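Asker: Curious how this folds, go ahead:
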Amino acid sequence: LHFAIMMSNASNKQRKHREPWRSNERHYCEACNKWMGSDRQSIAIHENGRKHKENVEKALAKQRDQRLAQDKEALNVQRALAQMNQAATSSHLQDVSKYGVSALHSLATSTPQPVKSEATTNSGSAQGDKKQEKAAWEARKAKREREKKKDSDDDDDDDDDEHKDKKRVRRQLAPDEGNYTIDDKTYLEGVTFIELLEEQMPIEVWIGSHNASLAETRLLEKQHLWRHGVILNIRRSSKEETGKVLDVAYIKDEGNEQETIEKSVAPSRVRLILGSEESIPDSLEEARIAATGGEVVKSEQVKLELDESTGLSSWGTVEV
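Answerer: A predicted model of the protein is given here:
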């Protein structure tokens, strides 16, 4: 009997070795909360079932609802913060208009007074502090009004002084300053006669070195470096002593009709031809008057020649 049992166990072991290995792993479906066989056929049958598809749709709908709720909550938070900021800004502007910036700053930086323990003392102190604070605000307000009135008066004085300065002489030109003549043509240098320059005015532009001096631009052998052009725009600039720069257009190459547009040209690189255009003065005297604002440059009394018949001299006024 014992031998028969041993033979039976040996045959069973041989049979197990001959059988192929099979996996006992199970597949879990999260949508249905259900376990099933891990083979492809079982999974396909389950996923194509009506109940599984309904559970998947419910899970997706739940995720969409959660996402919409989160977005709505974030939007509500943003709106609440915006309302709080708007209310704070409005309150701050009201305080500034009522008490002023300096008063708010002094109030914010002031050291709080210690509070006494007695209730009656607290009430009296609070009323006293409010009265003192109100009096301080009134004093600061009156001070600001006085300073504002003083600044206004100073501005009026500055305007009057500026108006007077406009009436005074601003520039004095030497007889040969800013002008020279070559071949019967009188040229006016833009840096000196800047007040004459206008948009669409015909000019001549220096295309030589930008660092060339005015004396160099006057040389006869350098006259081929001047080109006919026109002023397109006049702009303010703090980089130039005259306070202005020009945008100009000119023909750079004589054989090429293509215009060259150059911006931020210094007035020292520009000159006018006296009387070449209706907008340009015909005489040097007119140009000088226009350059100096059309005002009298100097007025002084000089002693005239001696009168031989009387032996006396007379006085007169000469305007330059």
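
Asker: which stretches of the protein aren't confidently modelled?
Answerer: Low-confidence segments of the chain (pLDDT under 70): 1-24, 100-131, 133-134, 136-137, 140-141, 144, 148, 150-171, 294-320.

Asker: the longest strand in it is where?
Answerer: Counting by DSSP state E, the longest strand found in the chain is strand 226-236.

Asker: Next, the buried residues of that one.
Answerer: Buried residues in strand 226-236, counted by 16 or more other CB atoms under 10 Å: 226-227, 229, 231, 234. To be clear about C-beta, it is placed using only N, CA and C from the backbone, and glycine gets the same treatment.

Asker: those strands in the stretch 51-200 of the chain, which residues are they?
Answerer: Ranges of strands in the stretch 51-200 of the chain, per DSSP state E, counting those that start in this stretch, are 179-182, 185-189.

Asker: Any chance of the ones you listed in JSON lines with mean neighbour count and distance to Arg79 as columns?
Answerer: Formatted as JSON lines, these follow (neighbours: other CB atoms under 10 Å; distance: least, CB to CB, whole Å):
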{"stretch": "strand 179-182", "mean neighbour count": "14", "distance to Arg79": "71"}
{"stretch": "strand 185-189", "mean neighbour count": "18", "distance to Arg79": "66"}
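
Asker: Secondary structure class of the nearest residue to Gly229 once chain neighbours are set aside, three-state.
Answerer: Leaving aside its sequence neighbours, Gly229 sits nearest to Tyr250 (CB to CB, 6 or more residues apart in numbering; 2.9 Å). Here Tyr250 is strand, with the state taken from DSSP: H, G, I helix; E, B strand; the rest coil.

Asker: check contacts around the residue nearest to Thr217 when sequence neighbours are not counted.
Answerer: Closest residue in space to Thr217, ignoring its immediate chain neighbours: Trp206 at 5.5 Å, by CB to CB, 6+ apart. By CB atoms under 8 Å, 6 or more residues apart in numbering, the residues touching Trp206 are 212, 217, 225-226, 268-271.

Asker: and whichever strand or helix holds Asp247, what does it pack onto?
Answerer: Per DSSP states H and E: Asp247 is located in strand 244-251. Applying 3 or more CB pairs under 8 Å, 6 or more residues apart in numbering; DSSP states H and E, one finds that strand 244-251 contacts strand 202-206, strand 226-236, strand 259-265.

Asker: got a list of contacts for the longest one?
Answerer: By CB under 8 Å, 6+ apart, the residues outside strand 226-236 that reach it are 197-207, 217, 243-252, 261, 264, 270-271.

Asker: what do you get if the cut-off is 7 Å, keeping everything else the same?
Answerer: If you take CB atoms under 7 Å, 6 or more residues apart in numbering as the criterion, strand 226-236 is touched by 197-207, 243-252.

Asker: Can you show me the helices along the protein?
Answerer: In the chain, helices defined by DSSP state H lie at 2-18, 40-47, 50-99, 101-109, 119-167, 214-217, 284-291, listed in chain order.

Asker: ok and the second one relative to helix 50-99, angle-wise?
Answerer: This means helix 40-47. Angle, helix 40-47 to helix 50-99, by axes from the mean of the first three to the mean of the last three CA atoms, to 10 degrees: 60 degrees.
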